[in-house]
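Asker: Provided below for reference: sequence and predicted model.
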Amino acid sequence: MADPSLKSKNRDFSGLPAAEKSLIEENYKSSEKVSRQYSGINCTNLREAVPEYIKADCEKVICNSNNAFIVLGRDRVGAINTGYGGKAHTQAGSIDIVVGRMNPSPKEVYGIPGDVGTEHMMEINPMLTPVIDPESPSGQFQTDAARIYISQKTDIDDNFGLMEGPIGSVPRSYGRSGIAIKADSVRIMGNEGIKIITKPDLYNSLGSIINSIPGIDLIAGDRAQELQPMVLGENMTRCLQSMIKNIYQLNSIVLGLTRQTMQMNTDISMHMHPPAPLGALVAPSLELQASLPTINKILLNKTVESLKNHTENLTNTTSNYIASNAPITIRSRYNKTN
């Protein structure tokens, strides 16, 4: 459940000129249908603060008075001189779908010209867009409420200020086609399954051959430096089966050693020495002397050799499943997560 303290106001007109804010609130409280048609109730017209958007010559802008935009143009991540569109590159077409520019506190730099009245409340300045920090090229991408950005040529990771991962993770994308989806909550649903597939084609959007197989990174908290290889389930199962087999083998070795030790203890407890004259050394037990070669032979042939084989099996398990170049590695060579 979301923290109630993090909720925003249900109705926030703080970014509008004072005269407009007052008129909207009066309409909201009014019982007259003529006035209430601009209150926003039942999805009637409702004026909100919409940041100024400096439209580039190449852009077609579709927008409304509720801070929702679709911009068809060329790659642009801030001011009109940003992105590959600002650098006059070709093959850099883009579609920017965004709601809630300058969220959570949008402001209009200048209001609608003329007297404020109901006839002006749905007017839309065709030059609407976000006010962007000139020192932060990706400012609008990081502050707007929700966005789907599609570009034929862009630096998609830099646009959204994403962290760079460690060596072996998915590399940053520069000058490539890209699609980014960003919002407070993103859901992907498929009634009959979802697939995430890399390298479906031999060539990228620039016509270059893709030589390697790119992976998939699942990163929580944009903490890319913590990425680790994902575990491969079937290989992990085989590795665990091998380890369990080694444990059983060691268990058998210990059991055999225990039995020989018990036999030795029994022989020691039951042995007897022939009587010796006063002051003379007691003679060794003939029974123990007779059984010792047999016990030592068993320990050498079974216990020691079994331990050697066990050590070799452990080495093979490490080489097959855990080593960096393991042929049946338990770690994915492509996909990572933190």
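Answerer: Structure received. Numbers count the residues shown, from 1 in each chain.
Asker: check which helix or strand covers Gln241.
Answerer: In the assignment (DSSP states H and E), Gln241 maps to helix 233-270.
Asker: which helices and strands sit right next to that helix?
Answerer: Other helices and strands packing on helix 233-270, by 3 or more C-beta pairs under 8 Å, 6 or more residues apart in numbering; DSSP states H and E, are helix 286-298, helix 305-317. Using the backbone N, CA and C atoms, a C-beta is placed for each residue, glycine as well.
Asker: buried residues, that helix. List them.
Answerer: For helix 233-270, the buried set under the neighbour-count rule, 16 or more other C-beta atoms under 10 Å, comprises Asn235, Arg238, Cys239, Ser242, Asn246, Gln249, Ile253, Leu257, Gln260, Asp267.
Asker: the fifth one is in contact with Asn313, isn't it?
Answerer: To tie it back to what came earlier, the one meant is Asn246. Yes: Asn246 lies in contact with Asn313 (C-beta atoms under 8 Å); the separation is 5.2 Å.
Asker: helices and strands of this structure: which one has the lowest mean pLDDT?
Answerer: Ranking every helix and strand in the chain by mean pLDDT, DSSP states H and E puts helix 33-36 at the bottom, with a mean of 53.
Asker: next helix or strand past it?
Answerer: Moving toward the C-terminus from helix 33-36, the next helix or strand (DSSP H and E) is strand 60-63.
Asker: out of the helices and strands packed on helix 233-270, nearest to Ile209?
Answerer: Ile209 lies closest to helix 305-317 among the helices and strands packed on helix 233-270, at 38.2 Å (C-beta to C-beta).
Asker: who touches Ala68 in this structure?
Answerer: Contacts for Ala68 (C-beta atoms under 8 Å, 6 or more residues apart in numbering) come out as Val98, Val99.
Asker: next one: it from Glu226, what distance?
Answerer: Using C-beta to C-beta, to the nearest Å, we find Ala68 at a distance of 36 Å from Glu226.
Asker: ok so, going back, how big is the angle separating the helix holding Gln241 from helix 305-317?
Answerer: Counting by axes from the mean of the first three to the mean of the last three C-alpha atoms, to 10 degrees, helix 233-270 lies at 160 degrees to helix 305-317.
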